[in-house]
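In: just coords:
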């Protein structure tokens, strides 16, 4: 890290004392990180990247008005200028009746042994892993090349200090590997990719990743469109997690407060099939969204978002909670460059009762890749239209590979068109959500 | 921003470690953003990013690191750490720096460093907000943003290059939300350029609000979009995202050098309908995607990518030139000091043709008129792309029938380029952000209204 935690505490005391002397309250986020990133090409290392960074993000509240500013420099002139700028910015903002700096004066810290474990893997061994990943995949049947691949080892640290005495620290490590194979046969080609994520480097497995990426790409190579009509659809773990995250703002108390959440007045109402229960569960230690406290230092806990089809709760920080006359749910989010918001930790969908054979009975489409998620979805209306690929399946057996189709519909309506919920939850590869497979009925497919 | 002597010492150190080429990219980025919501200022944010990126090239291998510090010891430490596995005897020596400042093609009037102009920007946003709300009582919410950025860069490299530039970006947008009690729909309007806040003298807040509200109301009344293969007329301006995704990314040597582009071996060949000529031009005055120099210090230029359907140039950065043998085109770009540069687009567009809008619409028995496009993405290896229609209309028997919602267009680059059969004369550019291996960079897309004879439309009808 660029600076030691104790150094940052002194800098934070300096910053927050200036905030207090100006008659304001405030909180300061200090994010620091180090990373190693490797990419290989044609059996040799193509990119070797090491980074070290630190950033200070200040939020001040003066006379009920909120201002933010940030600095990547840590000298006293830069930090003093940051304070001054945040106060100026606050003077232009409207009065935020409900936004306050946390009263907590707790000292909080996450468990480094759990979230930031160390291992004995050397840089040489990581380079060997990167080279093996690329060369093994490149050597597989019909693989033309491996245009995108990489290995990353990222350690991030966050400290949150407030003018009321909160000192919260968290540190985490993520090791990643990913690879995309371009396979070709005659005039036909296809490219698919996948990744792995772990807390320690030895948990990454290049052989498994190579086999899976190769199988996925080869299987889809000769895919063709299917006729346009409505089908039953099962998303795989990755695409199902992506779809739910695209529409996650439906749970946002901040969006509700801002008048841009269609679920704002529907807490307590049935919005989904009664078999569907959705939680935000930051206590699952296998997930990379594991968290003991949020960006305001509020303790986190498991929260039912949808309980047996009814909207059970929105997620709140202290400001949105105050606005809706409720309690913070421990979902405050804020980056050094951003204002106070809300964010999910990690989604969990409760297992259903359908066995694999029941879930996959008859004819359905299994969708394994979606494109255009960032542009083809409207979280406000629920409407979406994505490019897709996958398989036409019958009774759990993959038949024709499918490419060049689109899947379209309305997510909010889709939550009421659930045909079955599987009995086995699994993590997506990024460990962002734990969900069983869900079979949606009557989904529009264009081919 | 970095002392010449320090730069010289660090570059000498990098070469002493055996690097073929060494480069320092120094960046100071000042940002100010104002957000409005519900006819009030929601937040004002500001900050300064500062960092130095060090790139060392050994053959075709790139070593890259960065730091927020600008002292010699830290920079040499990073260079040593990067080269630890590649140490060898020096292969070259550095040349003394020769500072050459670029010609400023985009003089600025009201830069951020002279003041944030918060009051004026707030007035603009609230005027646009008021215009949107005045358009209809179905407009239930508005959200505005005005972002100004001043990016100062300085480059040193082992070939003696020393140059610097300051880029001034301004972008403002308004999003309107229309609601009829049961459904909600959005519309938006964005203005931007490589300039300062003087842009407000040339843009009309009321027109921005009117346009955002108009689009939201159209989308509120839209019906589910028909699906299947059909002809599509794509509107001018941001409609150019079709070329950006379908072809532009496939012409970047970042993909070409890896043979991860379907066009990697088609230089000089017909890759598009003869109605198509396309350009990537970094020189257009004050355009959002313009630059004076690229992020490798090379002067920008206009690059003819396709002429009458024939592939005439790739977009080539330093490493791409080394790997493919094509000349550099001043296309090395990066989001910030946190990224090594890569070949990227600037202002990319299909040149205007001669067809009329009426001819295009009347030629369709059953199809879609996509008047406004959203974002999209492409898989360069296969050319498969998708992009979203943010305002579209169903066309039947040569006449526009009604608005449609939630449509996506998908195809492959090579296929769609051959299906562009008519290009209009109403050329326009539009600003956007393009994300790729070297981060998100400002780019413009553009075209006149054009007709694609056959493309898959994904709808929900």
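Out: Structure received. Values in this document were obtained by computation on a predicted structure and should not be read as measured data.
In: at the contact with chain B, which residues of the stretch 251-400 of chain A appear?
Out: Contacts of the stretch 251-400 of chain A with chain B, taken as C-beta under 8 Å from any C-beta of the partner chain, map to A:258-260, A:262, A:337-339, A:371-372, A:374-376, A:378, A:380-381, A:383-387. (C-beta placed from N, C-alpha, C; glycine too.)
In: which among those residues end up buried?
Out: Buried members of those, counted by 16 or more other C-beta atoms under 10 Å in any protein chain shown: A:258, A:260, A:262, A:337-339, A:371-372, A:375-376, A:378, A:380-381, A:383-387.
In: among those, which ones are in strands?
Out: Counted as lying in strands by DSSP state E, out of these, are A:371, A:383, A:384, A:385, A:386, A:387.
In: quick one: which of those is nearest residue B:53?
Out: When these are ranked by distance to residue B:53 (C-beta to C-beta), residue A:371 comes first, at 30.9 Å.
In: pull the most distant pair out of the ones in strands among the buried ones among the residues of the stretch 251-400 of chain A next to chain B.
Out: For those, with distances taken as C-beta to C-beta, the pair at the greatest spread is A:371 and A:383 (16.7 Å).
In: ignoring the adjacent residues along the chain, who's closest to the residue of chain B found nearest chain A?
Out: Taking C-beta to the nearest C-beta, chain A has its nearest neighbour within chain B at residue B:458, 2.3 Å off. Spatially, and ignoring its direct neighbours in sequence, residue B:458 is nearest to residue A:406 (2.3 Å; C-beta to C-beta, 6 or more residues apart in numbering or on different chains).
In: just confirm the one you found is within a strand.
Out: Yes. Checked against DSSP: H, G, I helix; E, B strand; the rest coil, residue A:406 lies within a strand.
In: so where's the stretch 1-150 of chain A uncertain?
Out: A:1-6 (pLDDT under 70).
In: switch the cut-off to 50
Out: Along the stretch 1-150 of chain A, segments meeting pLDDT under 50 span A:1-3.
In: wait, what's in contact with residue A:13?
Out: Residues near residue A:13 by C-beta atoms under 8 Å, 6 or more residues apart in numbering or on different chains: residue A:161.
In: name the element it belongs to?
Out: Assigned by DSSP states H and E, residue A:13 falls within helix A:5-21.
In: next helix or strand past that helix?
Out: Next helix or strand after helix A:5-21 toward the C-terminus (DSSP H and E): strand A:25-41.
In: just say helix, strand or coil for residue B:177.
Out: When classified by three-state DSSP, residue B:177 comes out as strand.
In: chain neighbours aside, what residue packs nearest to it?
Out: Nearest residue to residue B:177, sequence neighbours excluded (C-beta to C-beta, 6+ apart): residue B:141, at 4.3 Å.
In: the one you found contacts residue B:39, correct?
Out: No. Contact criterion C-beta atoms under 8 Å: residue B:141 and residue B:39 do not qualify, at 9.7 Å.
In: residues touching whatever residue of chain A ends up closest to chain B, list them.
Out: Using C-beta to the nearest C-beta, residue A:406 is the residue of chain A that sits closest to chain B, at 2.3 Å. Residue A:406 sits next to A:385-388, A:445-447, B:227, B:386, B:408, B:410, B:456-459 when contact means C-beta under 8 Å, 6+ apart.
In: check it and give its pLDDT.
Out: The model reports residue A:406 with a pLDDT of 94.
In: settle it for me: which of residue B:141 and residue B:39 has more neighbours?
Out: Using other C-beta atoms under 10 Å in any protein chain shown, the more surrounded residue of residue B:141 and residue B:39 is residue B:141, with 22 against 15.
In: can you tell me the SS state at that one?
Out: Assignment for residue B:141 (three-state DSSP): strand.
In: state the distance from it to residue A:259.
Out: Residue B:141 sits 5 Å away from residue A:259, taking C-beta to C-beta, to the nearest Å as the criterion.
In: which neighbours do these two have in common?
Out: By C-beta under 8 Å, 6+ apart, the residues touching both residue B:141 and residue A:259 are B:38, B:177.
In: how many neighbouring residues does residue 377 have?
Out: Reading this off chain A. Neighbourhood size, residue A:377 [other C-beta under 10 Å]: 24.
In: that's the other chain; I wanted chain B
Out: Using other C-beta under 10 Å, residue B:377 has 18 neighbouring residues.
In: where does it fall, secondary structure wise?
Out: Using DSSP H and E, residue B:377 sits within strand B:366-379.
In: how far does that strand sit from its chain's centre?
Out: Offset of strand B:366-379 from its chain centre (C-alpha atoms, centre = their mean, to the nearest Å): 17 Å.
In: over to stretch A:213-224?
Out: Chain-centre distance of stretch A:213-224: 27 Å, with C-alpha atoms, centre = their mean.
In: buried ones in that stretch?
Out: For stretch A:213-224, by 16+ other C-beta under 10 Å, it's A:213, A:214, A:216, A:217, A:218, A:219, A:220, A:221, A:223.
In: could I get the residues you listed as a markdown table with pLDDT?
Out: Shown next, in a markdown table, are the buried residues of stretch A:213-224 (pLDDT from 0 to 100):
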| residue | pLDDT |
| --- | --- |
| A:213 | 98 |
| A:214 | 98 |
| A:216 | 96 |
| A:217 | 97 |
| A:218 | 97 |
| A:219 | 96 |
| A:220 | 96 |
| A:221 | 96 |
| A:223 | 96 |
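In: nothing else from me, thank you.
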